[in-house]
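[1] Show me how the following folds:
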Amino acid sequence: MSIIEIIVLALIQGLTEFLPISSSAHLILPSQVLGWHDQGLAFDVAVHVGTLGAVVLYFRKEVVDILGAWFKSFGSQGATDDSRLGWWIIVATIPALLIGYLFKDFVESYSRNAWVIATSTIVFGLLLWYADVKAKQVKNIYQINFFSALLLGFSQVLAMVFPGTSRSGITITVGLMLGLNKQSAARFSFLMSIPVIAAAGSYYVYQLATAGEAIDWHAILLGAGLSFVSAYACIFFFLKVIERMGMMPFVIYRLLLGVGLFAFLML
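    Residues are numbered from 1 along each chain as shown. Okay, the predicted model is just below:
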C-alpha cells in the first residue's frame, strides 16, 4: 500500500466508524473509483485497533464505572444503574456476535455489493431523518431496558446484512425511536460498539495468524495511529454538536452520497 492509500483508508475508517454515514459506503469508493486493491488483513487489524482504542479512551470513565458496577452486582452491592447498563450492552452485543459468526461468509461476500450499499445509504438515511424529527427523545441512557437493548442489538445486525446501513446510524435511529434523547442514543451506540469492534478485531487477528500474510509494520502503525486520532476527534465533535444540529446534516450527506453512488454505477 502507498502512503496515500494508508492515510485515506485509515481516515475513512476512523471518521466513518462512529458517524451515522456508513463506513461501507465510503470504503467502497477508493476501490470502485480509484481502482485500489483490498487493503489486506493486517491493515484491517490495525484500523480496528485504532478505532477501538479511541472509543475506549473517550469513554474510559463510563467503561470503568460500568465494569466495576457489573462485577460488584454479583456481590452484596446488588444491581445499580451502571450494572444494569452493563447487562444491556451484553444483551445488545449477542445478536451481532451470533449473526456475525454464523453468517460471516455471506456477510463478507455481500458487503462489496455497491448497489446494495447505495440503496441502504439512502433508505436508512431517510429513517434517521424520520427518527430525528418524529421521535419523542425524552429518555436517558439509564432508562434502557431488556427489550430496548435487544432491539438495539438486532439493529446492529441490519448494518451487517445490509452494507451501507451504518452501524452507528441504525443504532442511533432505533435509540431515538425508542425515546432516547440524542446524547443517550449516541452514547449507548458508541458503548455498544466496543465489544463488537473488539470481536471483529480479534477475528481479523485470528485470520492474520493463520493466513501467513506478510506484515507491513509501517502501514500497520500509521493506519492504527491515524484511525485512532480521527475516530477520537469524530466522537468528541459528534457528541458536542448533535444537540445543536440534530441529524439533518448527516441525512443530507447520506442522500447526496447515495445518489452519487447510483450515478457512478450507472455510468
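[2] pLDDT score assigned to Tyr130?
    Tyr130 is assigned a predicted lDDT (pLDDT) of 96.
[3] helix or strand right after the strand or helix carrying it?
    In the assignment (DSSP states H and E), Tyr130 maps to helix 114-134. Downstream of helix 114-134, the next assigned helix or strand under DSSP H and E is helix 146-161.
[4] Now that following helix: average pLDDT?
    The model assigns helix 146-161 a mean pLDDT of 91.
[5] Would you mind listing the outside residues contacting it?
    Applying Cβ atoms under 8 Å, 6 or more residues apart in numbering, the contact partners of helix 146-161 are 87-89, 91-96, 99-100, 103, 107, 110, 124, 144, 165-167, 169-171, 173-175, 178, 188-189, 192, 196. To be clear about C-beta, it is placed using only N, CA and C from the backbone, and glycine gets the same treatment.
[6] what's the angle between it and helix 114-134?
    Calculated by axes from the mean of the first three to the mean of the last three Cα atoms, to 10 degrees, helix 146-161 forms an angle of 150 degrees with helix 114-134.
[7] List the buried residues of helix 146-161.
    148-149, 151-161 (16 or more other Cβ atoms under 10 Å).
[8] got it, and stretch 136-146?
    Residues 137, 139, 141, 144 are the ones in stretch 136-146 that count as buried (16+ other Cβ under 10 Å).
[9] so what pLDDT did the residue lying farthest from the centre of the chain get?
    Distance from the centre of the chain peaks at Ser76, with 35.5 Å (Cα atoms, centre = their mean). For Ser76, the pLDDT comes out at 72.
[10] Let's verify it: helix, strand, or coil?
    coil (DSSP: H, G, I helix; E, B strand; the rest coil).
[11] OK, contacts around it?
    Contacts for Ser76 (Cβ under 8 Å, 6+ apart) come out as none.
[12] Can you tell me how far it is from Ala10?
    Distance, Ser76 to Ala10, by Cβ to Cβ, to the nearest Å: 46 Å.
[13] Now distance to Met248 too, for the buried residues of stretch 136-146, in CSV please.
    Below are the buried residues of stretch 136-146 laid out as CSV (distance: Cβ to Cβ, whole Å):
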residue, distance to Met248
Gln137, 14
Lys139, 21
Ile141, 23
Ile144, 25
